[in-house]
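Novice: Sharing a sequence plus its predicted fold:
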Amino acid sequence: MRVSLQFKILAGFGFSFIMLCLIAVASYRSLSHLTSSNQLVAHTQETIAGLNALEAGIQEIQIAYRTIIILEEPTSDRFTETVVKLNQQLEFVQYLTRDNPRQQQTLQQLSQPLQAYLASFQPLLNQPRTITTNDPQRRVALSAQLTQSHHLRERLGEMKKLENTLLFQRSQAAEAEARQTMGLIVAGNLAGLLVMVGAAFLIRRDLRLRLEVEQKLQRSEERLQLALQSGEVGTWHWDIVNDNLAWSDIFKKMWDVPLSQTIFHYDDFITRVHPEDRPRINQAIQLALQNKQQYQVEYRIVWRNGEIRYIAAQGICLFNPDGKPLRMEGLVQDITRNKLAAQRIEELNRELAARIEELESFSYSVSHDLRTPLRAIDGFSRVVLEQYGATLPPEAQRYLGLVRNGTKRMSNLIDDLLTLSRVTRQQIKRQKIHQTQLVHQCVDEIREAYPDRTIEVNIADLPTCYSDPVLVKQVWTNLLANAFKYTRSQPEAVIQVGFRETPDGAAYFVQDNGIGFDMKYVGKLFGVFQRLHSSEEYEGTGVGLAIVRRIVNRLGGRAWAEGVPHQGATFYFTLPLQEDSYDLGVH
Amino acid sequence: MTLGYIELLLAEDSPTDRELTLLALRSNKLANQIHVVEDGAEALDFLFARGAYANRQLDHPPKVILLDLKLPKIDGIEVLRQVRAHPQTAHIPVVILTSSAEERDVVESYHLGVNSYIVKPVDFEQFSQVVRQLGLYWLLLNQSPLP
């Protein structure tokens, strides 16, 4: 399943957003935690400072007292001040350690001895200044005070130690938290960045693909337009429900309507159509709409100048789910040129048929009319020779003989020309031909014409072919008759008839060991009236091989020859061997 | 024109061919009762005793008709068609003796019931042979139904 670009963008941004929110929450929590840790560290430091001040206060009281004694200062103001400060300090430390029950307890325990310690100075202060420092009572009191002070400071030292331990722990915890927070922020930002980059990459790739698809679409559209233009194909669109027609520019040109006109209706269309063709169009449209068939019709349209153009139109109809026709889309092509060309072809065909007819009647009259005078020339020459030969000088008799030879040759020429013409126009009737049998029959017939010749004819097994028996027989007859004729000078004439593979395809052949021919004249061999020997040497009109080639070509095969002077000649021809293969040939 | 018993009707428009045919028949001693007509219309007039031949007796039809195809007025094929169409003449043997062997003529002639279709050889000896054989066969050998 393909995920749409919109979805990808949405998912990418959504995911990034959620990531960033999570990171922000985590960072906030982590930071606030760090702040409270740092506060704790500061608090501990403050407590330690308070404790230090307390300790210093205890010492200061002693110092103050000693100063009074030694300097015998009457004023006790400084002392009182110091006591007040000490009490304030104690209260402050109590306040600071309110979160720590153990320290509170220690302070509580400390409070009693401290008050006692402070109270111990009062009697001393009230004594007269005259008492020396060496007074034993005072000495005892002072010593006790020292012990008390020492004891108090020891307890404070314990408290400080505890606070220092706390400070150490809290500092470490704060440091760890700071590191964790930093790590979290960096990792979170990195993750967010990665997601963004990933999303951006995917989106970019999709955009590129989309761009490619769009370009392809555009190119394909351009090609379509080009094809429509070069093919001069107009397009149309008919909104059946609202009877609105949209025509392409090519269509408008074809229809002889101004390009500026954009709105058309069915009436605009049908009124331009030749009135005789309108029912056909309506019928085609009905068929397309009712039977959901393709709309396909050819019709004429009439231009404003009266010119008639031929149009081929096709289209398809689009229906709504209920089967109601909504619109039709289609193409039109101006086929006037094709139509006119087809008409011209028809005309030419008729002309050609007329020409062929003419040619046939010509050859008919040639065959009939030219023979009659020839027969008269020959016949009366003969009659003269028979009836008046005795009274004619020998020279005159010889001349009459020449006249008769001439008529004979002319008669042969006419016969061959007629055969040539007949094989060209005779209708081809194809059927399976047993070639071996046919060749035997031809050889037997030709042998009768040469009763005093001994000729060895070897006929191989020939494949059957699918062709016109009359024409194929003519081919064999002509080739075999040639072979008989041109082996005349050969004491042991041998003719081979067979079928073999040649570089030009499998072919029937007739081979003789007669006088052959020079290959440089091979091009002349199959031409009409082309002879390689004089007619005195070898009788003939020079039409036989032309007939062979014409027949073979008409039957979809080819004929050719190979020869060596004084060694013999081989004539090849191909024919369609299968019933359906003659369509491949030329005919 | 009064005519007695005619054995052979020759319809031939070419004077030279006519004469050569007669020469060949004569030289083979077959030229006894021959009548020559020069076109198809005359041939039909003769056969049906019409026009110039109105007085001719119809009880003795010729033993054979030698018919050229290319005849003036009415061509040989049409003559053959009318001869075969009429009960009076339907059984008379008709031999087409013509200069050309056009396939369609041969087919049409046989379709109309011709008895023989011969192409006149140009060579006079061969022509003479053909006429001789025709005369011998149709006038002497062949037995026609009695009229």
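Specialist: Cool, got the structure.
Novice: And for A:R488, the neighbour number?
Specialist: By other C-beta atoms under 10 Å in any protein chain shown, 14 other residues sit near A:R488. The way it works is simple: take the backbone N, C-alpha and C, and place the C-beta from them, glycine included.
Novice: For chain B, see how far away it is.
Specialist: 22 Å (C-beta to the nearest C-beta, to the nearest Å).
Novice: sec struct for that residue, please.
Specialist: Under DSSP: H, G, I helix; E, B strand; the rest coil, the three-state class of A:R488 is coil.
Novice: now do B:Y117
Specialist: With three-state DSSP as the basis, B:Y117 sits in strand.
Novice: repeat for A:Q218
Specialist: Applying three-state DSSP: A:Q218 is helix.
Novice: Name the residues of stretch A:475-485 that are buried.
Specialist: A:475-485 (16 or more other C-beta atoms under 10 Å in any protein chain shown).
Novice: Just the closest of those residues to chain B, please.
Specialist: For the buried residues of stretch A:475-485, the minimum distance to chain B (C-beta to the nearest C-beta) is 15.9 Å, reached by A:T477.
Novice: in what helix or strand does the nearest residue to that closest one once chain neighbours are set aside lie?
Specialist: Excluding the flanking residues, the one nearest A:T477 by C-beta to C-beta, 6 or more residues apart in numbering or on different chains is A:C442, at 5.1 Å. Secondary structure from DSSP states H and E places A:C442 in helix A:435-449.
Novice: still on that earlier bit, make JSON lines from the buried residues of stretch A:475-485 and add pLDDT to it.
Specialist: As requested, those are exported to JSON lines (pLDDT from 0 to 100):
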{"residue": "A:V475", "pLDDT": "93"}
{"residue": "A:W476", "pLDDT": "94"}
{"residue": "A:T477", "pLDDT": "93"}
{"residue": "A:N478", "pLDDT": "92"}
{"residue": "A:L479", "pLDDT": "93"}
{"residue": "A:L480", "pLDDT": "93"}
{"residue": "A:A481", "pLDDT": "91"}
{"residue": "A:N482", "pLDDT": "89"}
{"residue": "A:A483", "pLDDT": "91"}
{"residue": "A:F484", "pLDDT": "91"}
{"residue": "A:K485", "pLDDT": "89"}
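Novice: Now render those as TSV, adding distance to B:N32 and secondary structure.
Specialist: Formatted as TSV, the buried residues of stretch A:475-485 follow (distance: C-beta to C-beta, whole Å; DSSP: H, G, I helix; E, B strand; the rest coil):
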residue	distance to B:N32	secondary structure
A:V475	47	helix
A:W476	46	helix
A:T477	41	helix
A:N478	44	helix
A:L479	48	helix
A:L480	45	helix
A:A481	42	helix
A:N482	47	helix
A:A483	49	helix
A:F484	44	helix
A:K485	44	helix
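Novice: will you turn those into JSON lines that also has distance to A:K324?
Specialist: JSON lines is the format used below for the buried residues of stretch A:475-485 (distance: C-beta to C-beta, whole Å):
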{"residue": "A:V475", "distance to A:K324": "69"}
{"residue": "A:W476", "distance to A:K324": "72"}
{"residue": "A:T477", "distance to A:K324": "75"}
{"residue": "A:N478", "distance to A:K324": "74"}
{"residue": "A:L479", "distance to A:K324": "74"}
{"residue": "A:L480", "distance to A:K324": "78"}
{"residue": "A:A481", "distance to A:K324": "79"}
{"residue": "A:N482", "distance to A:K324": "79"}
{"residue": "A:A483", "distance to A:K324": "81"}
{"residue": "A:F484", "distance to A:K324": "84"}
{"residue": "A:K485", "distance to A:K324": "84"}
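Novice: Just the closest of those to A:G556, please.
Specialist: Nearest to A:G556 out of those is A:V475 (C-beta to C-beta; 12.9 Å).
Novice: mind showing which ranges of the stretch 351-500 of chain A have poor pLDDT?
Specialist: A:364 (pLDDT under 70).
Novice: Around chain A, which positions in chain B sit nearby?
Specialist: Counting by C-beta under 8 Å from any C-beta of the partner chain, the positions of chain B adjacent to chain A are B:14, B:16-17, B:20, B:23, B:69-70, B:98-103, B:120-125, B:127.
Novice: Would you mind giving me the ChimeraX syntax to select the buried ones in these?
Specialist: Applied in ChimeraX, the following selects the buried portion of those according to 16+ other C-beta under 10 Å:
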select /B:14,17,20,23,69,70,98,99,100,102,120,121,122,123,124,127
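Novice: Can you flag which of the residues of chain B next to chain A belong to strands?
Specialist: Residues of the residues of chain B next to chain A located in strands (DSSP state E): B:T98.
Novice: Any idea what the most centrally placed residue in chain B is bridged to?
Specialist: For chain B, B:L66 is the residue whose C-alpha lies nearest the centre (C-alpha atoms, centre = their mean; 2.0 Å). Listed by DSSP bridges, the beta-bridge partners for B:L66 are B:L10, B:V95.
Novice: so it makes contact with B:E7?
Specialist: No. With contacts counted by C-beta atoms under 8 Å, B:L66 stays clear of B:E7, the gap being 11.2 Å.
Novice: State the distance from A:V384 to A:S4.
Specialist: 112 Å (C-beta to C-beta, to the nearest Å).
Novice: Name the residue in these two with the higher neighbour count.
Specialist: Set side by side, A:V384 and A:S4 show more neighbours around A:V384, with 15 against 9, by other C-beta under 10 Å.
Novice: The closest residue to A:R549 other than its chain neighbours: neighbouring residues, count only.
Specialist: Distances taken as C-beta to C-beta, 6+ apart place A:F526 nearest to A:R549, at 4.2 Å, with adjacent residues excluded. By the criterion of other C-beta under 10 Å, A:F526 has 20 neighbours.
Novice: what's the distance between A:F526 and A:I551?
Specialist: Taken as C-beta to C-beta, the span from A:F526 to A:I551 is 11 Å.
Novice: Next: A:A49.
Specialist: Per C-beta to C-beta, A:A49 is found 134 Å from A:I551.
Novice: same question, B:H60
Specialist: 50 Å.
Novice: between these two, which one's more packed in?
Specialist: Higher neighbour count among B:H60 and A:I551: A:I551, with 28 against 14, using other C-beta under 10 Å.
Novice: tell me what the helix or strand B:A43 falls within is packed against?
Specialist: In this structure, B:A43 sits in helix B:40-48 according to DSSP H and E. Judged by 3 or more C-beta pairs under 8 Å, 6 or more residues apart in numbering or on different chains; DSSP states H and E, helix B:40-48 is in contact with strand B:8-11, strand B:34-37, strand B:64-67, helix B:76-85.
Novice: And the ones you listed: which comes nearest A:R170?
Specialist: Using C-beta to C-beta as the measure, helix B:76-85 is the one of those that comes nearest A:R170, at 140.7 Å.
Novice: what angle sits between that closest one and strand B:94-98?
Specialist: Angle between the axes of helix B:76-85 and strand B:94-98 is 180 degrees (criterion: axes from the mean of the first three to the mean of the last three C-alpha atoms, to 10 degrees).
Novice: and the strand or helix carrying A:S32, what's its mean pLDDT?
Specialist: For A:S32, the host element (DSSP H and E) is helix A:5-71. For helix A:5-71, mean pLDDT rounds to 80.
Novice: go on, stretch A:294-307?
Specialist: In this model, stretch A:294-307 has an average pLDDT of 90.
Novice: And that stretch, what's buried?
Specialist: A:295, A:297-302.
Novice: What of stretch A:412-428?
Specialist: Buried residues in stretch A:412-428, counted by 16+ other C-beta under 10 Å: A:412, A:414-423, A:426.
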